[in-house]
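Student: following is a predicted model, sequence given first.
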Amino acid sequence: MVHEVLGHITAAWIVGDGILSLSTVAIQNVYASRTVSAAGTLANVVVGLIALVLFSRTGGRSGWRYFVAVFSAFNLLNSGYLVASAILQSGDWAAVIQGLSPPWEWRSMLGLVGAIAYVLSMRGLSRSMAALVERNEASLPDLRSLIVASYWAGGAVMTAASVFNPISPRLILISGVGASFVMSAGFLALPGMIARQLRRKRVPASPAASTPLSPLWIGMAIAWGVVFVAIFGPGIHFHP
């Protein structure tokens, strides 16, 4: 959920005084701008790459490190938005290429770039997470639990927040369910990708130690989820 707010805040900063409202599903602004439409996803990718580097270069077991891994994954997998915009001809990236000719070439290019970015993100994430098992810092079952739980929890909170969006009920399906469960579906493929990498390197998939649940991080996640739904669900409104 943090990655959605990050992307929208970046676009809001670019649009400046023209902003009308900021919510989990969209930014409404007075002036149409290709830059603003592209800003959210680009911010997600840049921040996701930075988080992935931080995750890869730090060691040990900690709730903070696992948070950075999940944060990186949600941001990077938002690159799937380019594919969705190309297929559905709607959304921010459809606005970016609107009016460019020939349209089918731009849509094809947009979808191809999005697909490549998504695949590269998956590979980078799986390699970095597999390295945890190689260094005996996590077990494959631990990673699988972390990844699957993050996918379902993030999707549920995002969908719940979209119910209160101020624009249209149809965005519950498009920007709630679609932007969370569908766009982040790569999460569910990560455990298998990690396992295959470990098998190729003949690394034991389950070290002796396991990572215990952290009541502090669980409590923080619940608190942020409530804030996210209550505040960013209905949106923050401004006067242009």
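Tutor: Alright, I've got the coordinates. This structure is a prediction, so every number in the text was calculated from the model and none was measured. Numbering: from 1, shown residues only.
Student: now for S150, how many residues are close by?
Tutor: Neighbours of S150 under the rule other Cβ atoms under 10 Å: 20. Yep, even glycine has a C-beta here, placed from its N, CA and C like the rest.
Student: kindly apply the preceding question to L88 instead.
Tutor: 11.
Student: let me know the pLDDT of it.
Tutor: Note for L88: predicted pLDDT of 86.
Student: which secondary structure element is home to the residue sitting nearest the centre point of the chain?
Tutor: Nearest to the mean C-alpha position of the chain, by Cα atoms, centre = their mean, lies F74 at 2.5 Å. F74 is part of helix 63-76 when elements are defined by DSSP states H and E.
Student: which secondary structure state is assigned to I167?
Tutor: coil (DSSP: H, G, I helix; E, B strand; the rest coil).
Student: follow-up on the earlier one: so the residue nearest to the centre of the chain sits against M183, correct?
Tutor: No: look at F74 against M183 with Cβ atoms under 8 Å: they stay out of range, at 9.4 Å.
Student: and the helices in the protein?
Tutor: 2-15, 34-57, 63-76, 80-88, 92-97, 103-134, 140-162, 171, 190-201, 215-227 (DSSP state H).
Student: possible to save the ones you listed as CSV with distance to G178?
Tutor: As requested, the helices of the chain are exported to CSV (distance: least, Cβ to Cβ, whole Å):
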stretch, distance to G178
helix 2-15, 12
helix 34-57, 14
helix 63-76, 15
helix 80-88, 7
helix 92-97, 13
helix 103-134, 14
helix 140-162, 9
helix 171, 9
helix 190-201, 20
helix 215-227, 19
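Student: so where's the chain uncertain?
Tutor: Applying pLDDT under 70 to the chain flags the ranges 1-23, 25-32, 60, 204-210, 237-240.
Student: try 80
Tutor: Residues of the chain that meet the criterion pLDDT under 80 lie in 1-37, 59-63, 91, 166-167, 171, 174-175, 203-213, 235-240.
Student: ok so, going back, T24 is nearest to which of the helices of the chain?
Tutor: Nearest to T24, of all the helices of the chain, is helix 140-162, at 4.4 Å by Cβ to Cβ.
Student: using CSV, list the CA coordinates for the closest one.
Tutor: C-alpha atoms of helix 140-162 as CSV (Å, rounded to 0.1, in the frame of the first residue of the first chain):
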residue,chain,number,x,y,z
LEU,A,140,12.5,-21.2,1.8
PRO,A,141,9.4,-21.9,3.8
ASP,A,142,9.9,-18.6,5.7
LEU,A,143,10.2,-16.7,2.4
ARG,A,144,7.2,-18.5,0.9
SER,A,145,5.1,-17.5,4.0
LEU,A,146,6.3,-13.9,3.9
ILE,A,147,5.6,-13.6,0.1
VAL,A,148,2.2,-15.2,0.1
ALA,A,149,1.0,-13.4,3.2
SER,A,150,2.2,-10.1,1.9
TYR,A,151,0.4,-10.6,-1.4
TRP,A,152,-3.0,-11.4,0.2
ALA,A,153,-2.7,-8.8,2.9
GLY,A,154,-1.7,-6.1,0.5
GLY,A,155,-4.4,-6.9,-2.0
ALA,A,156,-7.1,-7.0,0.7
VAL,A,157,-6.1,-3.7,2.2
MET,A,158,-5.8,-2.0,-1.2
THR,A,159,-9.2,-3.4,-2.3
ALA,A,160,-10.8,-2.3,1.0
ALA,A,161,-9.4,1.2,0.5
SER,A,162,-10.7,1.4,-3.0
